[in-house]
Structures are given as structure tokens and as C-alpha cells.
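[1] sequence first, then the predicted structure, then my questions.
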Amino acid sequence: MPNKVFENPTQSGSATASLMVKVVVLDDDESFRALARAILEPGGFEVLESASVPQCLRQMREQAVVAVVLDMVMPEQDGFEAIREFKDRFPKIRIVAVSGASESELYLTESAYLGADASLEKSRIGVLCPLLRVVLDR
């Protein structure tokens, strides 16, 4: 997969560019972001880290991001608000919702209704790379 190329969903029309797979891991927990990076980079993904929704939006505007791994429970702006905003501004962006909260099943189920392409409990982080591949190949 390291050489796989995807269309840039943050651009439209003839301005579309082909680039290496770039993903943002958006989580307020620095250790989770580092773990996700350690899992995704050997799988051929270029990983950007973000601790907040505004920071992630800046990265999405400035770089050819194809997917966001999004924590559903964050202090300032939660994943529900983030999914709505991402899908509104970047309709083709792929979103994998993650949660480690005690009510994670509820959060992850709701994320699908809002437009997340997949969901994953943080305890199952080891399958993030193959899950992300499936999400991007559909």
C-alpha cells in the first residue's frame, strides 16, 4: 500500500490532485495520537496529528488530507460537532470515529448517523490500519 495513490477529496473539479495517502489523527490524548501514528505509518499512511478541531481544519485546508481518525469525546468541541463541520466543509473526507469512553458504543453508533464512514473502540486500535484501507477503497 505505500505507493497507493488517492484522489484529493479536499479539492474539487479539475483541480483534483493525486497524492500519497495523508490522514489526520484528531484526539486530545497525545499518547493515543502517537500510538495511532505508530500503527498507521508502517502501513503506508502519512500521519498528521491534531489536538483540536480548529487545528485539524487548518491542516485539512492546507494539505491533501483524505481521512480523519476522530475521537468522539474531546473537551472543547466533541466528535459530533466535528463530523458535521468536516462533512459540510469537506464532503468527500473519510472519517473513522474512535472512542474509549464508557459509553463508546452509543457514541460510535451515533457517529454513523452523522456521516462517519467507520467506527472503532480505542481498545481495538490494532485494526485501525486495515479498517482505514477498507474505508478508503470503497
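    That came in fine, so what should we check first?
[2] any weak-confidence spans in this structure?
    1-19, 138 (pLDDT under 70).
[3] tell me where it has strands.
    5-7, 18-20, 22-26, 46-50, 67-71, 94-99, 118-121 (DSSP state E).
[4] got those as JSON lines, with mean neighbour count columns?
    All C-beta atoms are positioned from the backbone trio N, CA, C, and that covers glycine. Below are the strands of the chain laid out as JSON lines (neighbours: other Cβ atoms under 10 Å):
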{"stretch": "strand 5-7", "mean neighbour count": "13"}
{"stretch": "strand 18-20", "mean neighbour count": "13"}
{"stretch": "strand 22-26", "mean neighbour count": "24"}
{"stretch": "strand 46-50", "mean neighbour count": "19"}
{"stretch": "strand 67-71", "mean neighbour count": "27"}
{"stretch": "strand 94-99", "mean neighbour count": "24"}
{"stretch": "strand 118-121", "mean neighbour count": "19"}
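[5] for these, give me CSV that also has distance to Glu105.
    Converted to CSV, those look like this (distance: least, Cβ to Cβ, whole Å):
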stretch, distance to Glu105
strand 5-7, 30
strand 18-20, 34
strand 22-26, 20
strand 46-50, 25
strand 67-71, 15
strand 94-99, 8
strand 118-121, 8
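[6] start and end of stretch 41-55, how far apart?
    21 Å (Cα to Cα, to the nearest Å).
[7] now tell me what touches that stretch from outside.
    For stretch 41-55, the surrounding residues in contact (Cβ atoms under 8 Å, 6 or more residues apart in numbering) are 1-4, 20-28, 30, 33-34, 36-37, 40, 56, 59, 63, 65, 74, 76-77, 81-82, 85, 129, 132-133.
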